[in-house]
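A.B. asks: Sharing a model prediction with you, sequence too.
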Amino acid sequence: MASIVIISPREKNPPLETTSFRIRMALHGVIAVGSAMEARGHRVRIFCELSGAKVDWEVVRQADYICFSFLSFCAKRAYTMADRVRNEFKLPVIMGGSHPSVMPEDCLNHCDYVVRNEGEQALAELIEALENGNDPASIKGLTFRDAQGRLIHNEDQPMNADFSMPLNLDLIPEYGTRGFWWNLKDTLDNGMPRVPMPVVQASRGCPENCKFCVVKYQLGSRYRKRPIDVVLNEIEQYGKRFQTPYFMFVDNDMSVDPQFTKTLLLTILERYGTSLRPYVFSRIDIYKNDELLRILEQFDHATLGVGVESLSDDSLRDLNKRQSREDIFTAIAALRRYKISVNGLFMFGTEYDTPETIRQTVDYCIESGFFSVGLFAIYDFPGRESLLGQPQMIADHLFIHRDWRYYNLSFAVNYPRFMRPSQLQTGIFEGYKRFNDRSPDSMYQFMPTRRTSMKYLEYLRRVETPFYDAHDQRLEEKVAGRTLADMDAEVPIRVSQAEIYLETANFLARNLIRPISWKLLRGMMFSALTAKRQP
């Protein structure tokens with residue numbers, strides 16, 4: 001059997017996204033794929049930097065195959081690491097995960113094979129073929145170059161992962177509660193303390209067809225559920241590792257099968273009591289299911305991440321969201337009746353958005369009493385439609401650059417029709433500030449990306465000038481015909497540790513006077529997962 005190392009890198013300078021500065025959270029897919037490989041008899045070690053692991057290069061050197069799984073904002077670091085593995089260690093490199101699945105041709109400049117979308121079956125078949133000296137050319141879900149350098153892009157692998165298999169969290173030994181000195185060093189390096197966040201998956205796939213979302217391609221459109229006892233087994237493992245009541249369901253929509261979700265949550269309540277604090281994602285139509293919401297109310301603090309996306313009917317149609325502005329108003333008004341925190345998730349930068357769209361949306365979030373908000377810039381990937389046959393939200397000629405580090409919802413990467421990219425960027429971060437300032441019942445959010453955004457704005461203002469008129473309207477004749485070759489490969493920005501500490505000081509100072517922040521801190525420090533033992 002083979003020795004496999006899986007590396008999931010984290011890019012942190014400059015700060016490009018906020019989550020990994022707040023919490024240590026492993027990518028669930030990395031654990032799932034690693035567990036599947038171990039179940040087939042392979043020796044597996046995972047280094048997930050997002051969860052606090054540090055790559056041991058001696059372990060890497062001794063492995064047979066090195067796999068990388070990463071998000072787009074970590075692509076540059078992944079490429080650098082992969083080049084080292086190929087050049088110094090002469091080992092085969094395989095890439096998979098979210099970014100390689102949409103940019104396989106780009107990844108092949110740094111690896112030998114790309115496993116697209118759900119990876120358990122395709123990676124197992126690839127390793128078996130390589131171990132036995134067989135040609136992997138017929139493996140579905142694989143992209144590679146043949147001996148003549150031609151791009152081979154096989155058809156997708158069916159979504160056939162074994163959902164009954166428990167995950168082995170021991171594959172990432174660092175993913176758990178750490179000692180005082182480790183946490184102190186991590187705090188100084190990170191800019192603020194991070195708490196570990198258990199991630200649980202109860203289902204995969206989404207039957208919706210939102211244009212901006214790649215889930216239907218990467219995890220399938222068929223909604224597949226895991227056995228409840230397997231999910232509870234993972235929660236049990238997390239309970240032994242972490243002293244935290246928080247955990248996140250990474251399912252894209254927990255309301256697709258309400259009966260399954262109700263049974264799952266009731267079983268969790270029965271076994272572990274009400275002290276847990278789950279985070280779940282759903283569409284706005286969850287408001288129609290009173291019974292499910294009443295169950296969520298029983299937890300000490302449940303948070304619902306709701307995909308609102310936009311308050312513009314034109315944008316909603318463009319996003320193929322299948323909901324209207326009035327539907328949103330009705331749903332959010334109904335959700336306010338429950339003792340559940342709502343995290344409203346919005347996207348800006350469509351062909352219909354303006355700076356006023358962002359301002360009106362933030363005002364609505366404040367008036368509606370959202371617990372927190374996600375204000376995101378839309379992003380996509382050039383060439384996704386031509387290579388993968390997946391419709392793009394952004395036409396190829398409208399991308400600003402091809403530095404994948406900024407393709408993460410925090411930064412404007414396209415030229416919108418009715419506002420400049422700098423206006424989109426400014427609107428989002430001013431929106432966060434206005435929401436935080438005017439929502440005293442919410443915790444003031446830590447936003448290390450604000451420091452990066454200030455410098456990114458300088459870049460946007462410089463490159464956008466030729467493409468807009470005096471009224472901030474896009475000049476179609478100027479952007480037409482642009483190709484990847486016309487776009488910058490890198491946006492060089494650095495943020496000093498002192499600047500990150502300034503953002504940390506701002507975060508701490510503003511939360512000192514907020515009762516909700518102290519309440520959340522008490523729950524974080526003194527609650528723990530304590531099971532009600534069953535006979």
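C.D. replies: Alright, I've got the coordinates.

A.B. asks: List of residues touching stretch 27-41?
C.D. replies: 1, 4, 6, 8, 44, 46, 48, 50, 67, 69, 71, 96-97, 119-120, 123-124, 127, 161-162, 165-169, 171-172, 199-201, 250 (CB atoms under 8 Å, 6 or more residues apart in numbering). The C-beta positions use only the backbone N, C-alpha and C, and glycine is treated the same way.

A.B. asks: Any of the residues you listed buried? List them.
C.D. replies: In those, burial by neighbour count holds for 4, 6, 8, 44, 46, 48, 50, 67, 69, 71, 96-97, 119-120, 123-124, 127, 161, 165-169, 171-172, 199-201, 250, counting by 16 or more other CB atoms under 10 Å.

A.B. asks: quick revisit: mark which of the contacts of stretch 27-41 are part of strands, please.
C.D. replies: Residues of the contacts of stretch 27-41 located in strands (DSSP state E): 4, 6, 8, 44, 46, 48, 67, 69, 96, 199-200.

A.B. asks: Distance to residue 476 added to the residues you listed, as JSON lines?
C.D. replies: What follows is the ones in strands among the contacts of stretch 27-41, written out as JSON lines (distance: CB to CB, whole Å):
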{"residue": "4", "distance to residue 476": "49"}
{"residue": "6", "distance to residue 476": "45"}
{"residue": "8", "distance to residue 476": "40"}
{"residue": "44", "distance to residue 476": "51"}
{"residue": "46", "distance to residue 476": "47"}
{"residue": "48", "distance to residue 476": "44"}
{"residue": "67", "distance to residue 476": "43"}
{"residue": "69", "distance to residue 476": "39"}
{"residue": "96", "distance to residue 476": "38"}
{"residue": "199", "distance to residue 476": "43"}
{"residue": "200", "distance to residue 476": "47"}
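
A.B. asks: ok, which pair from the residues you listed is furthest apart?
C.D. replies: Greatest spacing in these, by CB to CB: 4 and 200 (23.9 Å).

A.B. asks: residues touching residue 314, list them.
C.D. replies: Applying CB under 8 Å, 6+ apart, we find residue 314 in contact with 350, 352.

A.B. asks: give me that answer again for 7 Å
C.D. replies: Applying CB atoms under 7 Å, 6 or more residues apart in numbering, we find residue 314 in contact with residue 352.

A.B. asks: ok, it to residue 321 distance?
C.D. replies: 11 Å (CB to CB, to the nearest Å).

A.B. asks: again, but for residue 14
C.D. replies: With CB to CB as the criterion, residue 14 and residue 321 are 32 Å apart.

A.B. asks: More neighbours: these two, which one.
C.D. replies: residue 321 (25 against 22; other CB atoms under 10 Å).

A.B. asks: how about that one, secondary structure?
C.D. replies: coil (DSSP: H, G, I helix; E, B strand; the rest coil).

A.B. asks: Backbone dihedrals for the closest residue to residue 262 other than its chain neighbours, please?
C.D. replies: By the measure of CB to CB, 6 or more residues apart in numbering, the closest residue to residue 262 outside its immediate chain neighbours is residue 292, 5.4 Å from it. With angles defined as degrees, to the nearest 10, residue 292 sits at phi -60, psi -40.

A.B. asks: Equivalent analysis for residue 484, please.
C.D. replies: Taking degrees, to the nearest 10, you get phi -60, psi -30 for the backbone angles of residue 484.

A.B. asks: In contact with the residue most central in space within the chain, which residues?
C.D. replies: The centroid of the chain falls nearest to residue 71 when counting by CA atoms, centre = their mean (7.2 Å). Going by CB under 7 Å, 6+ apart, residue 71 touches 98-99, 408.

A.B. asks: Of the residues you listed, which is the most crowded?
C.D. replies: The most crowded member of the contacts of residue 71 is residue 99, carrying 25 neighbours; neighbours defined as other CB under 10 Å.

A.B. asks: Go ahead and confirm that one touches residue 70.
C.D. replies: Yes: contact criterion CB atoms under 7 Å: residue 99 and residue 70 qualify, at 5.6 Å.
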